[in-house]
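# quick check, what structure comes out for this input:
(chains A, B, C and D)
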Protein chains: 2
Amino acid sequence: MEKGLWLFSLNFVTMKGVCSMTHTLDEKVYEGVLEQIKAYIEDKKLEPGDKLPSERMFSELLQVGRSSIREALRALELLGLIETRRGEGTFMRAYRPYHMVGLLSKFLLNNTRTREELLAAKQMLEKEILILSIGQLSSEQLAKLQLMLPEACNSEDHLKLFTYLFEESHHPLLLSMWQFICGFTHTVHDITYSDDWYRRMYQAMIKQSKEQMYSLF
Amino acid sequence: MEKGLWLFSLNFVTMKGVCSMTHTLDEKVYEGVLEQIKAYIEDKKLEPGDKLPSERMFSELLQVGRSSIREALRALELLGLIETRRGEGTFMRAYRPYHMVGLLSKFLLNNTRTREELLAAKQMLEKEILILSIGQLSSEQLAKLQLMLPEACNSEDHLKLFTYLFEESHHPLLLSMWQFICGFTHTVHDITYSDDWYRRMYQAMIKQSKEQMYSLF
DNA sequence: AGTTAATGGTGGTCTGACCACTAGATTCGG
DNA sequence: CCGAATCTAGTGGTCAGACCACCATTAACT
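Have a look, this model is predicted:
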């Protein structure tokens, strides 16, 4: 049958220490499975959208129980690397950092959910993206930016403006972190900037002056 | 017996659509279990080191199969929230994101785009905590800080130094974010600062000069 | 030809069983 | 009486088999 060409090299001969140690001791099976699946993905050069073998197939290929396969797949799903559709199968998925950020934050915020922390983190991200954007925007982008300057202290406009900045700077990780925090601060009292603040921000952006930008915070 | 005071409210009576839908459709059982376990932890105020009920206990309490319990626990383990010891049980754990980080990094080695993003985010956090620390440290803390200045470009010392800063500033959210990112950059080539950099950073801290601090980046 | 019914494959879940391991109770020997 | 060896109950780790709900395809029927 030769079903094991790239096969699992761990076999648990547990009798009296006779144990073919391809794996470090105490390594759980699902961790080994994870390695093998990764190897499979790389070997077959699977890309987002491609279909993975079924759980039963993997189970037979790797010679481990289906539950172990499932635990490994669950890990990959948590990481946002695969997607499972009941009745269809398991598919590769484009890696999206926000998945990870959201997941993390969900638990991070259990211990640390003081308002001040969230606001500080949010402000930090906004400051950072402004600094990163300095000198990076074309005249067209600057014009767009000017149009987005809020006339009133409107939180929606604020959201739009910074979303635009994050997107144009091609930094999805920072964007997702910021968006997530915004999701929380939205309910509570949020920091609001004055109209003047936005104007000065825009001036600093035009003049490409980091000092002026920093002085805003 | 009254075993279900805070109990799971989903019960899958699958006969002919008689199904008490407390959960949104298509939610997987293990996701519901995750919520319940989280609620249990908060309700019982479990802290790092405390023991959780056994898998079989949870299975009976929540009226779901043990495998579903295990999938939820596996997720918590990946997130670094719990620790399982064979023959002993499942225990709470101080949050350490490195597990998930290690897993993820195995799958993202080749994505340079992601790598750059992570480094940028890391640097942003380090800059921020330095700024936040200015003027907040006592003379004793400054002395400690001075002792921690790395003589060589040592990544371990770097880690210690910033961990100290994050902790002293009582900003666990930023600390967690930073630690998480460090987990990634640890494996790959990391940004390193020169000895001189650390000295100037210390000088800026003493002089309480934001400008000097900013100029480091 | 177009609609409907049957089929096989898939992930999702539950059950029961066995293993290796640990800690505490029990027993034994001094 | 006390220390050491042993037994035991409970735990996580794993597997196998079974069922379910779901989906896509195919086969059958009108």
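# just the buried positions in the helix or strand where residue A:123 lies, please.
Secondary structure from DSSP states H and E places residue A:123 in helix A:115-133. Within helix A:115-133, the residues that count as buried by 16 or more other C-beta atoms under 10 Å in any protein chain shown are A:117-122, A:124-133. The C-beta positions use only the backbone N, C-alpha and C, and glycine is treated the same way.
# identify the residues contacting it?
The contact list for helix A:115-133 (C-beta atoms under 8 Å, 6 or more residues apart in numbering or on different chains) reads A:162, A:165-166, A:168-169, A:171, A:174, A:177-178, A:181-182, A:184-185, A:188-191, A:201, A:204-205, A:210, A:213-214, A:216-217, B:120, B:124-125, B:128, B:132, B:171-174, B:177.
# next one: the very next helix or strand once past that helix to chain centre, how far?
Per DSSP H and E, helix A:115-133 leads on to helix A:139-148 as the next helix or strand towards the C-terminus. Its chain's average C-alpha position is 28 Å from that of helix A:139-148, according to C-alpha atoms, centre = their mean, to the nearest Å.
# may I have helix A:139-148 exported as CSV, CA atoms only?
C-alpha atoms of helix A:139-148 as CSV (Å, rounded to 0.1, in the frame of the first residue of the first chain):
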residue,chain,number,x,y,z
SER,A,139,-0.2,65.3,-3.0
GLU,A,140,-3.4,63.5,-3.9
GLN,A,141,-3.4,61.6,-0.7
LEU,A,142,-2.8,64.8,1.2
ALA,A,143,-5.7,66.4,-0.6
LYS,A,144,-8.0,63.5,0.4
LEU,A,145,-6.7,63.8,3.9
GLN,A,146,-7.6,67.5,4.0
LEU,A,147,-11.1,66.7,2.9
MET,A,148,-11.5,64.3,5.7
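# what mean pLDDT does the host helix or strand of residue A:35 get?
Under the criterion of DSSP H and E, residue A:35 resides in helix A:29-43. Across helix A:29-43, pLDDT averages out at 89.
# if we ignore the residues flanking it in sequence, what's nearest residue A:159?
Of all residues not flanking residue A:159 in the chain, residue A:182 sits nearest, at 6.7 Å (C-beta to C-beta, 6 or more residues apart in numbering or on different chains).
# can I assume the one you found sits in a strand?
No: counting by DSSP: H, G, I helix; E, B strand; the rest coil, residue A:182 is not part of a strand but helix.
# count of neighbours near it?
Look at residue A:182: counted by other C-beta atoms under 10 Å in any protein chain shown, it has 19 neighbours.
# phi, psi of residue A:136?
Here is the backbone geometry of residue A:136 (degrees, to the nearest 10): phi -100, psi -10.
# excluding residues flanking it in the chain, which one is nearest it?
residue A:169 (6.4 Å).
# so who does the one you found touch?
A:129, A:132-133, A:136.
# pull the most distant pair out of the buried residues of helix A:115-133.
The span of the buried residues of helix A:115-133, defined through C-beta to C-beta, is set by A:117 and A:133 at 24.8 Å.
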